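Engineer: How does the following fold in three dimensions:
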Amino acid sequence: MSRNPRQRKARGRSRVGERFEVEVGPVAHGGHCVVRVPAGDPDDPTATRVVFTRHTLPGERVVVEITEGTEGDRFWRGDAVEVLEPSKDRVTPPCPFSGPDRCGGCDFQHVSLPRQRGLKLDVVREQLVRLARMSPEDPLLAGLRVEAVPGDEQGLRWRTRGRFVDLGDGRRGMRKFRSTEVVEVDDCLIESVEPVSHTVRGLAFEVAPGGFWQVHPGAPEVLVDSVLEMLAPQAGESVLDLYAGVGLFGRFLAQEVGTGARLVAVEGDRTAAGLAKRNLAGAAKVRVSAGDVGTVLSREYDEPFDLVVLDPPREGARRAVVEQVVDRAPRAVAYVACDPAALARDVALFAERGYALTALRAFDLFPMTHHVECVALLEKVGA
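Structural biologist: Prediction:
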């Protein structure tokens, strides 16, 4: 397989291109499964190396080809280039550009939709057990499922925003996984063919061209519904909307708490913050601040808030922001997370400060990929 992986310092002889027949282990965060292959250590013939392997399913028997890795690396990466014993959940990918050494945009096109959601559920649970130190038997995890969301066509035609490589003459392509190589793609099957709607619950939002907006058509409404249900806002309560974007959550929370209540929105992107001011105009006692969330909170709005909604980027809120949030003593925090590992790390940070995870939902907003969106409710223990 031709590869041009991201460059890093070599730690011994390259193992790229070597093939092994293996039985596939569990799914791991990132769109791959765990397999183990002989490490080739002459001092320890029993030593094995973990290979994070794409395009396979737990329990399958496959031939894995190493795509990244040297003798000194802690783990290698690989691709299942031959399936010897397929899973009952394996399907023919609907997209001809999906598979080993092809477009890197989708992780799970070879997996049935119900099983895709099951794999994502396994990852969410595993991250919360490992990083947030939750019990596997916790009722929140036992009852969790990854919910389908209206707006796609059997997992296809949902992505309202994407990045393509311009190949000239009207042609376009997408890069291979962890590579600069480009695969020409004449029709991306997860790309939406419908115009983007910025209307939610009958209200229109101003969004900058190319600005952030949820890429699945059903995402804004289902996320707003979940946040409102979990927070159960009451008239007169104060609201702190962090990573507010153009004011999606703040606008509906403002409706619930009333025009006399205080609402503060903080957003790092100045264009989005300016649009949030317009989208939130007249909704409540609104203040919108543009700037890094942690920096803004360290300098301003140092007073109690009843409710907080967090919708951080993929790396999560992290300790500095979590500590600023709990210092304002909210009765409830709604956390919208696009990465289960970041969510789990932040849940652990909230737990250190006396806030427990009391509700959790997961949504399949990115079918055919490994990504999953969660909405979590954190409440003060004993409040």
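Engineer: use CA for all of it now, contacts and neighbours both
Structural biologist: Will do.
Engineer: need the helices for the stretch 51-200 of the chain, in chain order.
Structural biologist: Remark: helices assigned in the stretch 51-200 of the chain by DSSP state H, counting those that start in this stretch are 113-131, 139-142.
Engineer: Gln324: which element?
Structural biologist: For Gln324, the host element (DSSP states H and E) is helix 318-327.
Engineer: mind listing what's buried in that helix?
Structural biologist: Of the residues in helix 318-327, Arg318, Val321, Val322, Glu323, Gln324, Val325, Val326 count as buried by neighbour count, 16 or more other CA atoms under 10 Å.
Engineer: Who are the contact partners of the first one?
Structural biologist: When the contact criterion is CA atoms under 8 Å, 6 or more residues apart in numbering, the partners of Arg318 are Arg345, Asp346, Leu349.
Engineer: Report the beta-bridge partners for Glu85.
Structural biologist: Under the criterion DSSP bridges, Glu85 forms beta bridges with Arg61.
Engineer: okay, now the domains of this protein?
Structural biologist: Split into domains by automatic domain parsing, the chain comes to 1-89, 199-380.
Engineer: and the last one, what's its mean pLDDT?
Structural biologist: Mean pLDDT, domain 199-380: 96.
Engineer: and the end-to-end length of that domain?
Structural biologist: With CA to CA, to the nearest Å as the measure, domain 199-380 spans 34 Å from end to end.
Engineer: what separates it from the chain centre, distance-wise?
Structural biologist: 15 Å (CA atoms, centre = their mean, to the nearest Å).
Engineer: closest to Pro136 out of the domains of the chain?
Structural biologist: Closest to Pro136 of those is domain 199-380 (CA to CA; 13.5 Å).
Engineer: right, and Leu253 touches Met230 too?
Structural biologist: No. The pair Leu253 / Met230 is not scored as a contact, 11.6 Å apart, by CA atoms under 8 Å.
Engineer: the more surrounded of these two?
Structural biologist: With neighbours defined as other CA atoms under 10 Å, Leu253 and Met230 compare such that Leu253 has more, 29 against 20.
Engineer: Which positions within the host helix or strand of that one qualify as buried?
Structural biologist: Using DSSP H and E, Leu253 maps to helix 248-257. By neighbour count with 16+ other CA under 10 Å, helix 248-257 contains the buried residues Leu248, Phe249, Gly250, Arg251, Phe252, Leu253, Ala254, Glu256, Val257.
Engineer: Please name the residues that touch the second one.
Structural biologist: Okay, so that is Phe249. Val224, Val227, Asp241, Val309.
Engineer: Widest-spaced pair of these?
Structural biologist: Farthest apart among the contacts of Phe249 by CA to CA are Val224 and Asp241. That separation is 12.6 Å.
Engineer: higher neighbour count, these two?
Structural biologist: Asp241 (25 against 21).
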